[in-house]
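**Q** next come a sequence and a model predicted from it.
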Amino acid sequence: MLKSWAVVPTCLPIINRRCHGCASQRLRASGKFRVNANHKLIDTWLLALCTECGETAKLTVLERMTVRTIPSELLDRLHANDPGLTAELLQDPDVQHRNRFALDWTGAWRLDTGGSDHLDLDLDVIEVEVRNAARIPVRPARLIAEGSGLPRAEVDRLITEGKVVSAARLSSRLSGDFTFTLKR
Ligand SMILES: [Zn+2]
């Protein structure tokens, strides 16, 4: 039996980056963009606010781009402060790298087990594919415990005994899709 679970964001993650106004390392996206046009060149920033002092930080999205090279759909979304675009850009590795920040997803996601609360553990073999489109770092053993309704210690025991198997390393943090098989 194949089940599908998904790790889904419930809100925007915290941006781990040093505030220029205080010692805080935590910024929150404001949901707004700033677009500056200078002749035919466009600069765009995603604005974030320090969670401690409220100082605004500008995260570079586009730098000195000529207007005609920017898809008009993207410009429309920037001008409209599209909330989905904020989420996409925060998860974009290029944007993260350019602005030197990491994301803190603590409390900003949930596990969607697709309706049925827990796995039907009476079945001999259950295969579960876990999708994680936002690449949120998760601890697989904790996730399996939550989704199956088994105590965490029981999941750890099943992993040790080879009754929960996966091509992924279940003991470390994962931030991508993975599949595991539970054998009773
Ligand atoms: Zn601050």
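**A** Ah, there it is.
**Q** ok, the closest residue in space to Leu158 that isn't next to it in sequence - contacts?
**A** Distances taken as C-beta to C-beta, 6 or more residues apart in numbering put Val164 closest to Leu158, at 4.4 Å, once the chain neighbours are dropped. In short, each C-beta sits where N, CA and C put it, glycine included. By C-beta atoms under 8 Å, 6 or more residues apart in numbering, the residues touching Val164 are 144, 155, 158, 170, 180-183.
**Q** do Met1 as well
**A** By C-beta under 8 Å, 6+ apart, the contact set of Met1 is 120, 123, 125-127.
**Q** tell me the pLDDT of the spatially closest residue to Arg135 that is not a sequence neighbour.
**A** Distances taken as C-beta to C-beta, 6+ apart put Ser175 closest to Arg135, at 4.6 Å, once the chain neighbours are dropped. Note on Ser175: pLDDT of 92.
**Q** any idea how far Ser175 lies from Gly31?
**A** Counting by C-beta to C-beta, to the nearest Å, the separation of Ser175 from Gly31 is 24 Å.
**Q** ok, back up a step: ok, the residue nearest to Arg135 touching Asn132?
**A** Yes - at 6.7 Å, Ser175 and Asn132 qualify as touching, with contact defined as C-beta atoms under 8 Å.
**Q** distance of Leu158 relative to Gly114?
**A** Taken as C-beta to C-beta, the span from Leu158 to Gly114 is 21 Å.
**Q** ok, Phe178 next?
**A** Between Phe178 and Gly114 the distance, using C-beta to C-beta, works out to 16 Å.
**Q** between these two, which is the more surrounded one?
**A** Set side by side, Phe178 and Gly114 show more neighbours around Phe178, with 19 against 10, by other C-beta atoms under 10 Å.
**Q** show me what the more buried one is bridged to.
**A** Beta bridges link Phe178 to Val130, judged by DSSP bridges.
**Q** OK, contacts around it?
**A** 129-130, 132, 140, 166-168.
**Q** narrow those residues to those that are buried.
**A** When those are checked for burial by 16 or more other C-beta atoms under 10 Å, the buried set is 130, 132, 140, 166.
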